[in-house]
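Asks: Sequence and predicted structure, then a few things I'm wondering about:
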2 protein chains.
Amino acid sequence: MSKSKDTSSGTMGPERISEAEHAVMEVLWDRGTLSAADVCDEICDNRGWSLPTVKTLLSRLVQKQAISARPDGRRFLYSALMARSEYVGGESRRLVDRLFGGKAASLVAHLAESEALSENDLAEIEALLKELKQ
Amino acid sequence: MSKSKDTSSGTMGPERISEAEHAVMEVLWDRGTLSAADVCDEICDNRGWSLPTVKTLLSRLVQKQAISARPDGRRFLYSALMARSEYVGGESRRLVDRLFGGKAASLVAHLAESEALSENDLAEIEALLKELKQ
DNA sequence: TCGATCTGACTACAGATGTAATCAAGAAGT
DNA sequence: ACTTCTTGATTACATCTGTAGTCAGATCGA
């Protein structure tokens, strides 16, 4: 049996990271290398989680090869394997593909029309464009 | 018992729509009012779904109050209650909040940097900005 | 009238996810 | 040496999601 999604050789695309798991990733991206207890110190209060919950999420992330677990004495030190930009890029692309037929410009148009963009945002984007243009 | 999320009076924000459910919504947004069989005709082939699957998704969407089911003889005619723009806006906002600290401009910056924006996209956005500016 | 068909309702069931308890092995204090 | 604490591993369990099967009632055709 063993369903294991692929397990075969080579590069099997990074598995999808859930929202709770993402919260853990943010901590690792932000702080570098941490133990489970450290991660919990960072988010357990905010999210109302207990240490066991964090440990579960960490091990799922290890399985998904999104983070690594290096032994350090009797415990593990966890650190991100997947780059934040990779994750952010993937999620952004998924959204654009699903909701805007892959046209990123449509997303921007939507944000603008729905007034999700402040004056300030608009200015920033304009500056960005100027920078990109030459 | 009865877990029912809220059920209490008044406006309980629209429940989250899953990806499969979203595919059904797209059909209804696109085609207006359809029977289950009609919806299936539209997507069952693409997605490799069977009619029962579509029916399940439709009834879950009814529960979530995302669509309405008006009786028509022995069957139902389904049509979207939630506006597409509402859905698209919500999902976009969620992404921006989760990944870009709520700053939409950061999303645009990311898209630009990651070359998710083609020359053409950039031109479109520029035109958009121009239009918005006065 | 009688069977074939269409339809929604209900049921099913595996995998993902959120959230956690329990347990066993090692470390560390006393 | 013995207890206590820490830590990962294992197990648990409800909900959500994807995907569908089954069933009973209405309808339509013969």
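Replies: Looks like it came in fine.
Asks: Doesn't A:Q65 belong to a helix?
Replies: No: if the criterion is DSSP: H, G, I helix; E, B strand; the rest coil, then A:Q65 is coil and not within a helix.
Asks: quick one: it and A:L81 touch, right?
Replies: Yes: with contact defined as CB atoms under 8 Å, A:Q65 reaches A:L81; the gap is 6.2 Å. Using the backbone N, CA and C atoms, a C-beta is placed for each residue, glycine as well.
Asks: okay, now the domains of chain A?
Replies: A:19-80, A:84-133 (automatic domain parsing).
Asks: worst average pLDDT in those domains?
Replies: Among the domains of chain A, domain A:84-133 carries the lowest mean pLDDT, a mean of 88.
Asks: how would you label A:I17: helix, strand or coil?
Replies: Criterion first, three-state DSSP; result for A:I17: coil.
Asks: Would you enumerate the residues in contact with it?
Replies: A:M25, A:L61, A:K64, A:A66, A:M82, A:Y87 (CB atoms under 8 Å, 6 or more residues apart in numbering or on different chains).
Asks: Out of those residues, who's the most crowded?
Replies: Among the contacts of A:I17, A:L61 has the most neighbours (other CB atoms under 10 Å in any protein chain shown), with 25 neighbours.
Asks: What's the separation between it and B:Y87?
Replies: 29 Å (CB to CB, to the nearest Å).
Asks: Ok, A:G89 next?
Replies: A:G89 sits 23 Å away from B:Y87 when distances are taken as CB to CB.
Asks: repeat for A:A80
Replies: To B:Y87, A:A80 is 31 Å away according to CB to CB.
Asks: which parts of chain A sit against DNA strand D?
Replies: For chain A, the residues in contact with DNA strand D (CB under 7 Å from any atom of the strand) are A:S35, A:A36, A:A37, A:P52, A:K55, A:T56, A:S59, A:R74, A:R75, A:F76.
Asks: PyMOL command for the buried members of those?
Replies: Buried residues within the residues of chain A next to DNA strand D, by 16 or more other CB atoms under 10 Å in any protein chain shown, are selected in PyMOL with:
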select buried, chain A and resi 35+36+56+76
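Asks: and the residues of chain A next to DNA strand D near DNA strand C, which?
Replies: For DNA strand C, the contacts drawn from the residues of chain A next to DNA strand D by CB under 7 Å from any atom of the strand are A:P52, A:K55, A:T56, A:R74.
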